[in-house]
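A.B. asks: Test case, fold it:
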Amino acid sequence: MTNKLDQLKAMTTVVADTGDLDAIAQWRPQDATTNPSLLLKAAASDAYRPMLDNAIMMANRQGGSSAEQLTLATDMLAVLAGKEILELIPGVVSTEVDARLSFDTAATLRRARRIIELYDQQGVDTSRVLIKIASTWEGILAAEQLEKEGIRCNLTLLFSFVQAVACAQAGAHLISPFVGRILDWHLANSGRDSYPAAEDPGVQSVTRIYNYYKAHSFNTVVMGASFRNTGEIEMLAGCDRLTISPALLQELQDDNGQLSQKLNAETATSNEVIGHVDEKLFRWESNEDAMATEKLADGIRRFSADQIELENQVRQQASAA
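C.D. replies: Predicted coordinates:
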């Protein structure tokens with residue numbers, strides 16, 4: 001019998017949830033996804049030092065204020081990292097827009113377009129790049145416009161059903177529901193210290209979204225993310241994509257047990273019928289979901305803090321040059 005990782009790959013596209021080039025080279029996933037937290041860890045490695053120096057040099061050549069050069073250097077670092085990752089994988093890489101722009105549609109559009117332009121300048125096929133944006137109302141509006149321009153998007157920090165429906169109605173290419181962070185909230189607020197995998201609130205959330213999308217013929221890809229254990233992954237076997245950390249990839253590879261498919265587009269059913277999600281409905285339903293509201297805000301704060309720390313590293317490196 002093959003190991004569970006190989007069995008999973010037969011029914012789900014496996015994505016590497018890491019910016020570590022060595023890990024990506026080792027696991028050879030179809031796609032890769034990064035965020036400021038992962039880039040921050042990777043930037044401290046020797047493999048990223050030449051990219052960091054190159055990003056700073058390119059930003060300096062563009063001129064502008066020190067603040068403008070700093071943001072350009074961090075975007076350039078993400079692009080250079082994405083380019084390197086794409087040389088190791090056959091699929092796509094996700095590159096994130098600064099989380100501090102999560103409530104500014106126009107600014108998100110400008111940064112997303114610049115990231116795509118930077119990739120193009122590096123000779124990268126931009127159809128292999130997904131722009132990663134937080135699933136705020138403003139972010140979803142930006143994604144809707146970008147998709148019309150042929151720029152595919154990955155809507156991240158997704159915790160609620162209304163976020164998922166709004167993303168699909170906006171024509172987003174892909175969503176990343178955060179399984180583990182949903183579980184974290186319920187563990188902290190339920191008085192429980194564990195959930196069986198089948199009852200895991202994050203698993204149940206992604207299952208509900210997946211079945212709704214397939215039953216209503218939405219083309220948006222569902223990519224479960226932020227896993228805490230392999231049990232969550234196994235309960236979502238068959239999902240369009242799953243982005244998994246190297247540690248959990250290793251656990252799956254080391255397990256030779258039987259893995260059964262849990263999600264299937266052909267047999268998916270959903271009795272839910274949701275009308276058009278406008279801003280009022282989106283904000284009301286979000287307000288009614290304490291978990292989603294808290295975890296979205298927390299996720300934006302975390303990514304923003306890591307973006308600021310990444311900028312600090314770039315600034316220090318630029319000063320030392």
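A.B. asks: for the lowest-mean-pLDDT helix or strand in the chain, which positions count as buried?
C.D. replies: Scoring the helices and strands of the chain by mean pLDDT, DSSP states H and E places helix 36-43 at the bottom, with a mean of 79. By neighbour count with 16 or more other C-beta atoms under 10 Å, helix 36-43 contains the buried residues 36, 37, 38, 39, 40, 42, 43. From N, CA and C alone the C-beta is placed, and that goes for glycine too.
A.B. asks: Equivalent analysis for stretch 114-122, please.
C.D. replies: Quick answer for stretch 114-122 (16+ other C-beta under 10 Å): 114, 115, 116, 118, 119.
A.B. asks: One more: stretch 193-211?
C.D. replies: Of all the residues in stretch 193-211, those buried under the rule 16+ other C-beta under 10 Å are 195, 197, 200, 201, 202, 203, 205, 206, 207, 209, 210, 211.
A.B. asks: so who does the fourth one touch?
C.D. replies: By C-beta atoms under 8 Å, 6 or more residues apart in numbering, residue 201 lies in contact with 182, 183, 185, 186, 195, 291.
A.B. asks: and it, how far is that from residue 180?
C.D. replies: Going from residue 201 to residue 180 by C-beta to C-beta, to the nearest Å gives 10 Å.
A.B. asks: Give me the distance between stretch 78-97 and the centre of its chain.
C.D. replies: 13 Å (C-alpha atoms, centre = their mean, to the nearest Å).
A.B. asks: in it, what counts as buried?
C.D. replies: Buried residues in stretch 78-97, counting neighbours by 16+ other C-beta under 10 Å, are found at 78-86, 88-89, 92-97.
A.B. asks: Give me the contacts around it.
C.D. replies: With C-beta under 8 Å, 6+ apart, stretch 78-97 has contacts from 13, 15-16, 19, 21, 24-25, 28-36, 39, 42, 48, 51, 54-55, 108, 111-112, 115, 118-119, 122, 124, 128-133, 152, 154, 156, 303.
A.B. asks: Which SSE is immediately downstream of the helix or strand hosting residue 247?
C.D. replies: In this assignment (DSSP states H and E), residue 247 forms part of helix 246-254. Counting by DSSP H and E, the next helix or strand C-terminal to helix 246-254 is helix 279-288.
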